[in-house]
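Chemist: just to be clear, the model below is a prediction. Sequence and coordinates:
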Amino acid sequence: MSVSDLRGRPPVLAVAIGLAVLVAIGLTALAVLGSRSLPERTGPPVEELAVERVSLSPGIIELTLRNTGPDPVQVAQIAVNDAYAGFTGAEEPLGRLGREVVRVDYPWAEGQPYTVAMLTSTGAVIEHEIPAAVESPGAGAGLLGLMALLGTYVGVIPVALGMIFLPVLRRVRVRVMRWLMALTVGLLAFLAVDAAIEGLELAAGSGGAFGGPLLVVLGAGLSFLALTAVDRWLKGRESKQTEAGPGARRDGSRLALMIAIGIGLHNLGEGLAIGSAYAVGELALGAALVVGFALHNTTEGLAIVAPLAHHRPPVLRLLGLGLLAGGPAIIGAAIGASVNDAALASALFGVGVGAIVQVIIQLAPSLKSSTGKLLDPTVAGGVAAGLLVMYATGLLV
């Protein structure tokens, strides 16, 4: 193609902008003209309300409502256990995906179950169950401090305890090291499945306003792609360091970092679940909870240091990896206790799933034997042991 031919053609960017403008005009015309040509719906309005959050204070039941249906919803009356109660909020119809906080005046008693029935302007009744009423903790520095302490107990400290096994790992044989790496894969696989189940359960209870279970899939896909990009960037840096001099070599830091990121994103969702459960009175704080999570999450620290078994990383690097893996539990607990949004929680669990899957893919090459076999008795036994360990310790949580 000659230079003269290129000069006669418009720039690619100008063509793309022009086509985008034409598409926008066409869609606008379709929306305006098409809606006028279609007949009106003959059936009754489709009214759906999801209760995203319930906050209880003396004499007050506060409901955070979300319209998950296609039509506006006007709350006309509210009854608690078949007794009509006064309320404030929701003076105007709530549009699609709209959010409104309703305060119901009702002298509830602690520990008692309640059924809140919302009567719409069309006569439809939408109910929400409160299994056991308990006063919600007040948001503030005290609550955030408690969640930070709880996140430290169940996230940071257990991961650090697992990482102290690094000196032992330096003395094991190659076959034992392959078994430990397979154990790591089993641990991570269990975490991925557990997070997926938890995320789907939360998404089912969110009312589907923002996609329901699709939020888990979306979060998993985006985190998988993001961690893949991070891994490619780290590989590029590692290659440059290897070419920098004959003494440069790979020390397992990249793989340990990826494992720490994956576990950290999982612990973010785990902390979110803990904070949400505490906010609604479904979590009993005590020694049993702390010890259960400590046993469950200590194995995560072991997974982080496994790629570093034959190297001596600086202590500061180990501390950084531990905080990266366990610290998000603190953030998650604080968000869960103060926000308690089921859609957000399900998306974050999906993020953890995608991150862990990406890390498992990174670990797979390290499982191969000297003959190139990926799955042999050593690897199968390690993966099975990882699954069983996580299952057994999970029963204590």
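Modeler: Happy to help now that I have it.
Chemist: low-confidence stretches in the stretch 101-250 of the chain?
Modeler: Along the stretch 101-250 of the chain, the model assigns pLDDT under 70 to residues 138-140, 205-209, 238-250.
Chemist: what segments of it are strands?
Modeler: Remark: strands assigned in the stretch 101-250 of the chain by DSSP state E, counting those that start in this stretch are 114-120, 125-130.
Chemist: report the buried residues of stretch 76-94.
Modeler: 78-80, 87, 89-90, 94 (16 or more other C-beta atoms under 10 Å). Where you see a C-beta, it was placed from the backbone N, CA and C, and this is true even at glycine.
Chemist: same question, stretch 153-168
Modeler: By 16+ other C-beta under 10 Å, the buried positions in stretch 153-168 come out as 153-163, 165-166.
Chemist: got the end-to-end distance for that stretch?
Modeler: Terminal residues of stretch 153-168 are spaced 24 Å apart (C-alpha to C-alpha, to the nearest Å).
Chemist: and if you look at stretch 106-118?
Modeler: Termini of stretch 106-118 sit 14 Å apart (C-alpha to C-alpha).
Chemist: name the residues that touch that stretch?
Modeler: Stretch 106-118 is contacted from outside by 49, 51, 56, 59-61, 63, 65, 75, 77-83, 85, 104, 125-135, using C-beta atoms under 8 Å, 6 or more residues apart in numbering.
Chemist: give me the buried entries from those.
Modeler: For the contacts of stretch 106-118, a neighbour count by 16+ other C-beta under 10 Å gives the buried set as 49, 51, 56, 60-61, 63, 65, 75, 78-80, 104, 126, 128, 130, 133-134.
Chemist: follow-up on the earlier one: can I get the buried residues of stretch 153-168 in CSV including distance to Gly69?
Modeler: Output for the buried residues of stretch 153-168, formatted as CSV (distance: C-beta to C-beta, whole Å):
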residue, distance to Gly69
Tyr153, 42
Val154, 38
Gly155, 38
Val156, 43
Ile157, 45
Pro158, 43
Val159, 43
Ala160, 48
Leu161, 49
Gly162, 47
Met163, 49
Phe165, 53
Leu166, 54
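Chemist: nearest to Ser276, of the residues you listed?
Modeler: For these, the residue nearest Ser276 by C-beta to C-beta is Val154; the value is 14.1 Å.
Chemist: what's the nearest residue to the closest one if we skip its chain neighbours?
Modeler: Leaving out its chain neighbours, the residue that sits closest to Val154 by C-beta to C-beta, 6 or more residues apart in numbering is Phe293, at 3.7 Å.
Chemist: try Gly69
Modeler: Nearest residue to Gly69, sequence neighbours excluded (C-beta to C-beta, 6+ apart): Glu48, at 3.3 Å.
Chemist: surely the one you found and Asn67 touch.
Modeler: Yes: using C-beta atoms under 8 Å, Glu48 is in contact with Asn67, at 6.9 Å.
Chemist: do a quick rundown of the helices in the stretch 251-397 of the chain.
Modeler: Using DSSP state H, counting those that start in this stretch, the helices found in the stretch 251-397 of the chain span residues 253-279, 287-305, 315-326, 328-338, 342-363, 377-394.
Chemist: of the ones you listed, which shows the lowest average pLDDT?
Modeler: Mean pLDDT across the helices of the stretch 251-397 of the chain is lowest at helix 287-305; the value there is a mean of 76.
Chemist: same list, the helices of the stretch 251-397 of the chain, but as JSON lines with distance to Arg99 and mean neighbour count please.
Modeler: As requested, the helices of the stretch 251-397 of the chain are exported to JSON lines (distance: least, C-beta to C-beta, whole Å; neighbours: other C-beta atoms under 10 Å):
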{"stretch": "helix 253-279", "distance to Arg99": "18", "mean neighbour count": "25"}
{"stretch": "helix 287-305", "distance to Arg99": "32", "mean neighbour count": "21"}
{"stretch": "helix 315-326", "distance to Arg99": "33", "mean neighbour count": "19"}
{"stretch": "helix 328-338", "distance to Arg99": "16", "mean neighbour count": "25"}
{"stretch": "helix 342-363", "distance to Arg99": "11", "mean neighbour count": "25"}
{"stretch": "helix 377-394", "distance to Arg99": "34", "mean neighbour count": "17"}
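Chemist: so which of these gets nearest Gly34?
Modeler: Proximity to Gly34 (C-beta to C-beta) singles out helix 342-363 among the helices of the stretch 251-397 of the chain, at 30.3 Å.
Chemist: and the closest one, C-alpha only, in PDB?
Modeler: What follows is helix 342-363, C-alpha atoms only, in PDB (Å, rounded to 0.1, in the frame of the first residue of the first chain):
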ATOM      1  CA  ALA A 342     -25.500  -8.600  50.500                       C
ATOM      2  CA  ALA A 343     -24.700  -7.600  46.900                       C
ATOM      3  CA  LEU A 344     -21.300  -6.200  47.800                       C
ATOM      4  CA  ALA A 345     -20.500  -9.200  49.900                       C
ATOM      5  CA  SER A 346     -21.300 -11.700  47.200                       C
ATOM      6  CA  ALA A 347     -19.200  -9.700  44.700                       C
ATOM      7  CA  LEU A 348     -16.200  -9.700  47.100                       C
ATOM      8  CA  PHE A 349     -16.600 -13.400  47.600                       C
ATOM      9  CA  GLY A 350     -16.500 -13.800  43.900                       C
ATOM     10  CA  VAL A 351     -13.300 -11.700  43.800                       C
ATOM     11  CA  GLY A 352     -11.700 -14.200  46.200                       C
ATOM     12  CA  VAL A 353     -12.800 -17.100  44.100                       C
ATOM     13  CA  GLY A 354     -11.200 -15.700  40.900                       C
ATOM     14  CA  ALA A 355      -8.000 -14.800  42.700                       C
ATOM     15  CA  ILE A 356      -7.600 -18.300  44.200                       C
ATOM     16  CA  VAL A 357      -8.200 -20.000  40.900                       C
ATOM     17  CA  GLN A 358      -5.500 -17.900  39.300                       C
ATOM     18  CA  VAL A 359      -3.100 -18.800  42.100                       C
ATOM     19  CA  ILE A 360      -3.900 -22.500  41.700                       C
ATOM     20  CA  ILE A 361      -3.000 -22.200  38.000                       C
ATOM     21  CA  GLN A 362       0.300 -20.600  39.000                       C
ATOM     22  CA  LEU A 363       1.100 -23.500  41.400                       C
END
